[in-house]
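A.B. asks: Predicted model follows, preceded by the sequence.
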Amino acid sequence: MKIASVTLGAAFAVTLAATAGAQELKYANWAPPFHTITEAQIEPLAKAIDEGTSGAVTLRAFHGGELGAGPADQYVRIVQGTADMGWGLPGYTSSQFPKTLILELPGALPLDQPGYAALWRAYEGELKSEFPMTEAIALWGAEPNILMMKDKQVTSPGDLKGLKIRVAGSIAAEAMEALGATPVQLPMTQVYNGLQTGLIDGLVSGASVLSDFKLSEVVSSVTTGPNLGRLTFYTVMNKPVYDGLSGEAKAALDAVKGEAISKQTEEAWVATAAEALDAARASSEITVNDLDAAQSKAFDDALAQVTDAYVAEVGGAAALAAMRGE
């Protein structure tokens, strides 16, 4: 069976031609179809399953929250069988993933070290229990977080005092509070409007959102340099569905899941972020503040207490050591 990619205007959708009697797996994508996740992960998974089973098992993506809006309930949707597979952010349900979220802490990893490898190093011994009733397909990190502002310039922690900064979860919220900002938890799908209307002054996230969610249209400045941590992501599959796959379907999926598809997905995130930052630097509408080590130190020093306190609170010393390969 052949995989068909169809472009409708700006939207990019993954569709799979159905064959009689084929088993169709549903992938829940809460983001728009042109998001990095489609080409980086959904298409490769669909291709591997299709080719590995000669079309007997297919993967169909439901984009834009068609199986349920927003990322917050993605894990529940997979467990309950609304979808067979889907991706989400641990930060949206922080209480379920206390040790997984260690990777999001400021300074948990150096900026140039990959997140996917750190997560898989810690998975079997420290993180697996946080993913009940599912099979982990991919675990990865985004590019390092930066600050993106609507109409402010941030070059020191003092510049954030009193500003409303969108965060994805409790880790980033504590970090922003330590820097004097007021954290606002808001789904990424609502950030564009939040910046437009003044609900938030800015956000902390990876630069990929400048293009993936078109935030370059409403952001006037970005700040890079401080180690503000990074977002983490998962793709999971309903465990009974995974266990019920045919031998060839399971073999096809097993050949790409884990570090292989995680690495590919994270590298796509990083590439999207690099392109988005290049575009920002080339834009006359966006100012890019690249802070050097001395300028970044004020941020890093203020955030060290957040990292230390969180690791102690969740008993995460062993998880952090595993992530760091210690």
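C.D. replies: Arrived safely.
A.B. asks: tell me what the lengthiest helix in the chain is packed against?
C.D. replies: Of all segments of type helix in the chain, defined using DSSP state H, the longest is helix 259-282. Identification of packing neighbours for helix 259-282 by 3 or more C-beta pairs under 8 Å, 6 or more residues apart in numbering; DSSP states H and E yields helix 36-37, helix 43-52, helix 115-122, strand 134-144, helix 209-212, strand 221-224, strand 230-238, strand 287-290. For every residue, glycine as well, the C-beta is placed using N, CA and C.
A.B. asks: average pLDDT across the longest one?
C.D. replies: In other words, strand 134-144. Strand 134-144 carries an average pLDDT of 97.
A.B. asks: cool, and the fifth one?
C.D. replies: In this model, helix 209-212 carries a mean pLDDT of 95.
A.B. asks: do the third one as well
C.D. replies: The average of the pLDDT scores along helix 115-122 is 98.
A.B. asks: domain ranges for this structure?
C.D. replies: The record's domain split for the chain, according to automatic domain parsing, is 3-142+231-272, 146-229+284-324.
A.B. asks: follow-up on the earlier one: any chance of the helices and strands packed on helix 259-282 in JSON lines, plus distance to residue 320?
C.D. replies: Below are those laid out as JSON lines (distance: least, C-beta to C-beta, whole Å):
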{"stretch": "helix 36-37", "distance to residue 320": "27"}
{"stretch": "helix 43-52", "distance to residue 320": "30"}
{"stretch": "helix 115-122", "distance to residue 320": "8"}
{"stretch": "strand 134-144", "distance to residue 320": "14"}
{"stretch": "helix 209-212", "distance to residue 320": "26"}
{"stretch": "strand 221-224", "distance to residue 320": "24"}
{"stretch": "strand 230-238", "distance to residue 320": "13"}
{"stretch": "strand 287-290", "distance to residue 320": "28"}
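A.B. asks: Low-confidence stretches in the protein?
C.D. replies: 1-21 (pLDDT under 70).
A.B. asks: Show the residue spans covered by the helices in it.
C.D. replies: 36-37, 43-52, 74-80, 115-122, 170-178, 191-197, 209-212, 239-243, 247-254, 259-282, 293-313, 317-324.
A.B. asks: With distance to residue 151 and mean neighbour count as extra columns, can I get the ones you listed in JSON lines?
C.D. replies: Converted to JSON lines, the helices of the chain look like this (distance: least, C-beta to C-beta, whole Å; neighbours: other C-beta atoms under 10 Å):
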{"stretch": "helix 36-37", "distance to residue 151": "27", "mean neighbour count": "22"}
{"stretch": "helix 43-52", "distance to residue 151": "38", "mean neighbour count": "20"}
{"stretch": "helix 74-80", "distance to residue 151": "32", "mean neighbour count": "20"}
{"stretch": "helix 115-122", "distance to residue 151": "31", "mean neighbour count": "24"}
{"stretch": "helix 170-178", "distance to residue 151": "18", "mean neighbour count": "22"}
{"stretch": "helix 191-197", "distance to residue 151": "9", "mean neighbour count": "17"}
{"stretch": "helix 209-212", "distance to residue 151": "16", "mean neighbour count": "23"}
{"stretch": "helix 239-243", "distance to residue 151": "47", "mean neighbour count": "15"}
{"stretch": "helix 247-254", "distance to residue 151": "47", "mean neighbour count": "17"}
{"stretch": "helix 259-282", "distance to residue 151": "15", "mean neighbour count": "19"}
{"stretch": "helix 293-313", "distance to residue 151": "21", "mean neighbour count": "16"}
{"stretch": "helix 317-324", "distance to residue 151": "37", "mean neighbour count": "19"}
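A.B. asks: so residue 86 touches residue 71, yeah?
C.D. replies: No: Residue 86 lies out of contact with residue 71 (C-beta atoms under 8 Å); the separation is 9.2 Å.
A.B. asks: Find residues that contact each of these two.
C.D. replies: residue 30 (C-beta atoms under 8 Å, 6 or more residues apart in numbering).
A.B. asks: Can you tell me which of the helices and strands packed on helix 259-282 is nearest to residue 28?
C.D. replies: strand 230-238 (10.0 Å; C-beta to C-beta).
A.B. asks: what comes up buried for the closest one?
C.D. replies: 230-238 (16 or more other C-beta atoms under 10 Å).
A.B. asks: Paired strands for that strand, with orientation please.
C.D. replies: Partner strands and pairing direction for strand 230-238 (DSSP bridges) are strand 85-88 (antiparallel), strand 134-144 (antiparallel).
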